[in-house]
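Trainee: Using only what follows, build the 3D model:
(one chain, ligands or ions: 2)
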Amino acid sequence: MLDFPNAKINLGLYITSKRPDGFHNLQSCFYPVKWCDALEILPSKEERFDITGLSVPGKLETNLCYKAYKLLQQDFKLPPVHMHLHKVIPMGAGLGGGSSDAAFTLRILNKLFELDLNADTLEEYARKLGSDCAFFVRNKPVVVSEKGDIFQPVALDLKGYSCVIVHPGIHISTAEAYGNVVPEEPSCGMEILLKQEVPVWKNILENDFEKVLFPKYPELPKVKEKLYDAGAAYASMTGSGSAVFGLFKGDAPTDLVFPNHYIVWQGLF
Ligand SMILES: C[C@@](CO)(OP(=O)(O)O)[C@H](O)COP(=O)(O)OP(=O)(O)OC[C@H]1O[C@@H](n2ccc(N)nc2=O)[C@H](O)[C@@H]1O
Ligand SMILES: Nc1ncnc2c1ncn2[C@@H]1O[C@H](COP(=O)(O)OP(=O)(O)O)[C@@H](O)[C@H]1O
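Mentor: Residues are numbered from 1 along each chain as shown. Ligands and ions are numbered 1, 2, ... in the order given. Okay, here's the model as predicted:
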């Protein structure tokens with residue numbers, strides 16, 4: 001069975017407090033984008049795992065697809081599988097690609113082996129694999145809170161906008177990014193901010209990680225500025241970076257030029 005795990009962007013990201021477990025509470029909106037990996041899982045005589053495309057760091061045992069398979073295997077009698085992941089979404093970019101691969105592995109195994117798990121149960125399994133993973137089970141725009149794993153559906157539709165995502169190839173550790181932010185309660189709830197027209201977001205919707213990462217990596221604010229110069233209605237870093245996205249009304253500009261080593265994706269919502 002073949003499917004296409006997609007990326008997400010964060011529309012606003014507020015780190016509100018530090019939790020007793022060392023993690024942080026946050027508020028953000030996760031919005032799916034159509035930048036995708038490809039993941040095929042087939043029943044097989046023996047376990048086999050192939051990765052093509054971008055090289056994913058770490059041993060097989062650390063790969064989130066493998067971990068998701070092993071997690072379900074604890075509770076269900078799953079036969080060996082042949083997994084083939086074609087990696088396209090840049091890693092350590094704030095795009096949630098690894099989390100999406102994990103959630104799609106659960107979704108595919110559920111269908112392939114007729115496990116009959118509903119979305120709530122799949123989300124429970126996904127939460128065990130990473131804070132972002134559960135989002136990709138339903139894969140619909142949500143306002144997230146707490147550790148980033150409590151979701152409230154949000155009536156937000158970016159149809160008619162296109163998205164340009166620029167990954168400057170800087171790898172930022174999520175733990176390090178969190179470690180440098182001073183948490184603060186935002187003065188306004190996410191739902192109210194998101195109700196405003198997209199061009200208004202420029203003045204009201206922030207990603208707290210920008211405050212600590214932009215001074216350290218000056219290429220990042222330059223990308224954001226370039227997207228605004230090209231006519232973006234809204235631009236921001238996504239998650240803990242380092243990818244930066246711009247939302248454009250209608251088609252994205254065709255004349256955007258970035259250094260050769262940057263990875264650039266664009267598509268409609
Ligand atoms: C920042 C966000 C926001 O969308 O996304 P990404 O930039 O990764 O896409 C997420 O909170 C990232 O979630 P995720 O990538 O799943 O992080 P995890 O693997 O669970 O945690 C990595 C490390 O980040 C820190 N961490 C993570 C989540 C959280 N709510 N508080 C934290 O302090 C912890 O130090 C943890 O050890
Ligand atoms: N299938 C996978 N795809 C991508 N990264 C994976 C995968 N499995 C494990 N990882 C690890 O997870 C890390 C974070 O990946 P990812 O979720 O794509 O980025 P981000 O947290 O920035 O959104 C990678 O650097 C990699 O070490």
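Trainee: Relative to its centre, which residue of the chain is most distant?
Mentor: Within the chain, the residue lying farthest from the chain centre (C-alpha atoms, centre = their mean) is Lys45, at 33.2 Å.
Trainee: how far away is it from Pro79?
Mentor: 9 Å (C-beta to C-beta, to the nearest Å). C-beta coordinates here come from the backbone N, C-alpha and C atoms, glycine included.
Trainee: for the residue farthest from the centre of the chain, what are its contacts?
Mentor: Pro80 (C-beta atoms under 8 Å, 6 or more residues apart in numbering).
Trainee: doesn't it fall inside a strand?
Mentor: No: going by DSSP: H, G, I helix; E, B strand; the rest coil, the assignment for Lys45 is coil, not a strand.
Trainee: Mind pulling up the pLDDT for it?
Mentor: pLDDT recorded at Lys45 is 95.
Trainee: Would you quantify the distance from it to ligand 1?
Mentor: Distance, Lys45 to ligand 1, by C-beta to the nearest ligand atom, to the nearest Å: 33 Å.
Trainee: Get me the contact residues on this protein for ligand 1.
Mentor: 10, 23-24, 26, 28, 94, 96, 99, 130-132, 147-148, 174-175, 178, 239-240 (C-beta under 6 Å from any ligand atom).
Trainee: Quick check, the residue in the stretch 101-250 of the chain closest to ligand 2?
Mentor: Nearest residue of the stretch 101-250 of the chain to ligand 2: Asp101, at 3.8 Å (C-beta to the nearest ligand atom).
Trainee: Out of the helices and strands in the chain, which is least certain?
Mentor: Of all the helices and strands that make up the chain, the one with the lowest confidence by mean pLDDT, DSSP states H and E is helix 174-179; it has a mean of 88.
Trainee: With just CA atoms, put that one into PDB.
Mentor: What follows is helix 174-179, C-alpha atoms only, in PDB (Å, rounded to 0.1, in the frame of the first residue of the first chain):
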ATOM      1  CA  THR A 174      14.400  21.300  18.500                       C
ATOM      2  CA  ALA A 175      15.700  20.800  22.100                       C
ATOM      3  CA  GLU A 176      18.200  23.600  21.700                       C
ATOM      4  CA  ALA A 177      15.700  26.000  20.200                       C
ATOM      5  CA  TYR A 178      13.300  25.400  23.100                       C
ATOM      6  CA  GLY A 179      16.100  25.800  25.600                       C
END
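Trainee: so is Val143 in a helix, a strand, or just coil?
Mentor: strand.
Trainee: Was I right to think Trp265 contacts Asn6?
Mentor: No: counting by C-beta atoms under 8 Å, Asn6 is not a contact partner of Trp265; they are 11.2 Å apart.
Trainee: can you list residues touching both of the two?
Mentor: Common neighbours of Trp265 and Asn6 (C-beta under 8 Å, 6+ apart) are Trp35.
Trainee: Now do Tyr234 against Lys87, distance only.
Mentor: 28 Å.
Trainee: same deal with Ile170?
Mentor: Relative to Lys87, and taking C-beta to C-beta, Ile170 is found at 18 Å.
Trainee: And the two? Which one has more around it.
Mentor: Set Ile170 next to Lys87 and count neighbours by other C-beta atoms under 10 Å: Lys87 wins out with 19 against 16.
Trainee: Verify the stated contact: the more buried one with Val56.
Mentor: Yes: contact criterion C-beta under 8 Å: Lys87 and Val56 qualify, at 5.5 Å.
Trainee: ok, which stretches of the chain are strands?
Mentor: All strands of the chain, identified by DSSP state E, fall at 2-3, 6-18, 24-36, 38-43, 48-53, 81-87, 142-145, 150-153, 161-167, 234-237, 244-249, 263-268.
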